[in-house]
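Novice: Quick one: sequence plus predicted model below, questions after.
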Amino acid sequence: MKIVFKIIPWCFVALFASELIAVFTPKKDAEFHVREFGRLPVLMNGRIQPFDSVARNTLLQIRSTGDVPLEEVPSWKFWHHPPKLKSTEWLLEVLFRPEVADTRPIFLIHHPDLLAELNLGDKGVEKSGLRYYTFEQIKPVLAEIQEQGNKARKTEDEKARTAFQKQAIKLHNAVFVYQMMKASACPPIWGDFQKDLAAFESSIPAGLQAMQASEAGQPYDKAALERFAMPATEFIALAKDANAGQSYPLVVPPLHSGQKHDDWSNMGAALLDCVRDREIAVPVKMFAAMASAYGNNRAEEFNSAIVQYQQWLSPDFARDLKKGRQEFFYNDTKAFLHAMIIYLFAFVLAAGSLLALSAAPDFSGSLRKSAFYLIILAWIVHTFGLIFRMYLEGRPPVTNLYSSAIFIAWGAVVLGLVLECVYRVGLGAAVASLAGFISLLIAHNLALGGDTMEMMRAVLDTNFWLSTHVTSVTLGYASTFVAGLLAIAYIVLGVFTPLLSLRAGKSDLGKALGKMVYAIVCFATLFSFTGTVLGGIWADQSWGRFWGWDPKENGALLIVIWNALILHARWGGMVRERGIMNLAIVGNIVTSFSWFGVNMLGIGLHSYGFMDAAFKWLMFFIATQVAIIGLGLLPLHMWRSFRGRTPSASAGSPKPSPNDPGAATPARA
């Protein structure tokens, strides 16, 4: 039996390692080389990214999902996996088969008043209480959607907007993005891009001659001018949209040697340049070939056009081509999603090891080792994703709320693993896996807003002090959360189980937890304080002042003060184990408010992370922490771990000591 217990951990590792190998193994394209198309670089949101990223982020903006289900099934049929249209496939339809894309249910509308206003209540596809509509279904009410969106924007204060107004604005934005995306790579006036482009190219000489003659008041060929002017007018309108700074992708790279490297253009502006040069550029011809081949279901021609375009890009845009391939690989592997799944499974094993600690020690040890090894495997994948993301951005690990959640998860897992190496009882593994899972889950939901690698504000894209500041202060956040999570474990295990009284090394499990929390709070205080000081140095260089009582600065200072308060309370004997645990849980509230809450105020120089949608989740989190503190304040005789014991006996010591959870005096709670 002992041999079986030794084999079990390696079986779990082999299972998940096999799954990861399958994920990271290069995949072949289907008949149409959709994956190769997804690797092609474009410029959007001020940065070079692949079509795949454009597709994913756009679909998240519009539908709040990363793909389009081709068949809707009830939520309770979780074992049934209906076919889905992946994001790049969907984008290809939007660009080159718009008549098909218009039939996909991608527009999310769930407010009953807005549905009634648009008269869409009996249409669309229902899924989990939400309704999705196709562009064809909402096309008759586009004017009403625009009107409702413009009305809602008249309320400039976002906090004052009603749920109806927010939904109207979101729908209006989604429709705008969708329509602009349809015109980004293929002029809407043309059905067969390649054929119509060839006809337009042949009309350029005669059309320009007729235009010049018309402007000079001389006789001219009206038919030639009309053939040339009609599409040219459309190109001018598209080029104006690009010059106005619209966010849809700029698909054509700079065509002339004098242009800047990031001076990309949309198809309308590129075609106008071709008119001036009296020659259609290679990228335009390649996109035309892709559009016609994909629209007419000619796979070989589509694949050939992609290869030719890649060959054209290679000499002058090799860096952009490489960036597109690398970011596509990052998107395709989904490292953080797989790490999150492994963390969750590891937490189940770690929790099982704790529950079986007294009844089946050998089985408990096997589960603990399994959880520990899986956490290391997940942490490797997590670290790969974190470093790869840093490489793609060329910046430190923390640039926005999404990246800070990823880094906090990484730091929390490291701390949990260290604790598990010191106290081999499963608690460190449980904390590491749970903190990693929850933080990555938060990051996943933060990514639903779209691009998580957007260009940073100029003041944030600066020097060494910024990099060290955000790294240090975020490690302080992670440490404070780990201390709070350990404190939650102490209270839950103490109230509902007898585990705190079990032996863990030379002391009982409760005392081991107390030592863990104390050590982590010391670590958190050091990094929070260091990060705050480094932030002041950076602020002095960027804004000309070390401290300005900005809400974000106040939040960082509050974390330092609270951690210092915990340490002083412990050193002064004002609190014992239970008191430290409750204070550490309050630290969760303080840190969550400083991390998210101050961003929701929408004021100050640090308001770049504003996100109103997370307010209800923040309040829910705070409410759960208050409830757990309430459990922690219950009398000791209501705790299963100390039930029926005298105060001194409950601590495992003949005399009361400052660390005894039950040896309270009137002055010490």
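Specialist: That came through fine. Nothing here was measured: the structure is a model prediction, and the numbers come from that model. Numbers count the residues shown, from 1 in each chain.

Novice: Quick one: low-confidence residue ranges for the stretch 301-450 of the chain.
Specialist: Across the stretch 301-450 of the chain, no stretch falls below the confidence threshold (pLDDT under 70).

Novice: the helices in it, which residues?
Specialist: Here the stretch 301-450 of the chain has its helices, by DSSP state H, counting those that start in this stretch, at 318-333, 335-355, 361-393, 401-422, 427-446.

Novice: Verify the contact between residue 562 and residue 593 for me.
Specialist: No - counting by Cβ atoms under 8 Å, residue 562 sits too far from residue 593 to count as a contact (10.7 Å). The C-beta positions use only the backbone N, C-alpha and C, and glycine is treated the same way.

Novice: More neighbours: which of the two?
Specialist: residue 562 (22 against 18; other Cβ atoms under 10 Å).

Novice: would you list the helices of the stretch 301-450 of the chain in a markdown table and tack on distance to residue 166 and mean neighbour count?
Specialist: Formatted as a markdown table, these follow (distance: least, Cβ to Cβ, whole Å; neighbours: other Cβ atoms under 10 Å):
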| stretch | distance to residue 166 | mean neighbour count |
| --- | --- | --- |
| helix 318-333 | 29 | 18 |
| helix 335-355 | 28 | 22 |
| helix 361-393 | 30 | 20 |
| helix 401-422 | 19 | 24 |
| helix 427-446 | 17 | 25 |
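
Novice: so which of the ones you listed gets nearest residue 537?
Specialist: Residue 537 sits nearest to helix 401-422 of all the helices of the stretch 301-450 of the chain, at 19.6 Å, using Cβ to Cβ.

Novice: Residue 376 is in contact with residue 342, correct?
Specialist: No - Residue 342 is beyond contact range of residue 376, at 9.9 Å (criterion: Cβ under 8 Å).

Novice: The nearest residue to residue 139 once chain neighbours are set aside: how many residues sit nearby?
Specialist: Excluding the flanking residues, the one nearest residue 139 by Cβ to Cβ, 6 or more residues apart in numbering is residue 102, at 7.7 Å. Counted with other Cβ under 10 Å, the neighbours of residue 102 add up to 18.

Novice: Show me the helices in the stretch 151-300 of the chain, by range?
Specialist: Using DSSP H, counting those that start in this stretch, helices in the stretch 151-300 of the chain cover 163-182, 193-215, 222-243, 267-277, 282-295, 299-316.

Novice: Any buried residues in stretch 112-119, and which?
Specialist: 114-115, 117-118 (16 or more other Cβ atoms under 10 Å).

Novice: which two in those are spaced the farthest apart?
Specialist: So, the buried residues of stretch 112-119 by Cβ to Cβ: farthest apart are 115 and 117, at 7.3 Å.

Novice: quick one: contacts for the residue nearest to residue 139?
Specialist: The contact partners of residue 102, by Cβ atoms under 8 Å, 6 or more residues apart in numbering, come to 134-136, 139.

Novice: still on that earlier bit, I'd like to know which of the helices of the stretch 301-450 of the chain is closest to residue 174.
Specialist: helix 427-446 (18.7 Å).

Novice: got the CA positions of the closest one in CSV?
Specialist: Presented in CSV, the C-alpha positions along helix 427-446 are these (Å, rounded to 0.1, in the frame of the first residue of the first chain):
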residue,chain,number,x,y,z
LEU,A,427,-1.5,24.2,4.7
GLY,A,428,1.1,25.9,2.5
ALA,A,429,0.0,23.9,-0.5
ALA,A,430,-3.6,24.8,0.2
VAL,A,431,-2.8,28.5,0.5
ALA,A,432,-0.6,28.5,-2.6
SER,A,433,-3.1,26.7,-4.8
LEU,A,434,-6.1,28.7,-3.6
ALA,A,435,-4.4,32.0,-3.9
GLY,A,436,-3.1,31.2,-7.3
PHE,A,437,-6.5,30.0,-8.5
ILE,A,438,-8.5,33.0,-7.1
SER,A,439,-6.0,35.6,-8.4
LEU,A,440,-5.9,34.1,-11.9
LEU,A,441,-9.7,33.9,-11.9
ILE,A,442,-9.8,37.6,-11.1
ALA,A,443,-7.3,38.3,-13.9
HIS,A,444,-9.4,36.2,-16.3
ASN,A,445,-12.4,38.4,-15.6
LEU,A,446,-10.4,41.6,-15.9
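
Novice: Hey, what's the angle from that helix to helix 335-355? Just curious.
Specialist: Interaxial angle of helix 427-446 relative to helix 335-355 (axes from the mean of the first three to the mean of the last three Cα atoms, to 10 degrees): 150 degrees.

Novice: which secondary structure elements does whichever helix or strand comes after helix 427-446 contact?
Specialist: Reading on from helix 427-446 to the C-terminus, the next helix or strand found by DSSP states H and E is helix 464-496. In terms of contacts (3 or more Cβ pairs under 8 Å, 6 or more residues apart in numbering; DSSP states H and E), helix 464-496 is packed against helix 401-422, helix 427-446, helix 509-543, helix 551-571, helix 577-592, helix 615-632.

Novice: Need these in CSV (columns: distance to residue 109).
Specialist: CSV is the format used below for these (distance: least, Cβ to Cβ, whole Å):
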stretch, distance to residue 109
helix 401-422, 26
helix 427-446, 20
helix 509-543, 42
helix 551-571, 34
helix 577-592, 31
helix 615-632, 20
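
Novice: Figure out which of the ones you listed is closest to residue 16.
Specialist: The nearest among the helices and strands packed on helix 464-496, by Cβ to Cβ, is helix 427-446 at 12.8 Å.

Novice: what about residue 546, is that helix, strand or coil?
Specialist: Here residue 546 is recorded as coil under DSSP: H, G, I helix; E, B strand; the rest coil.
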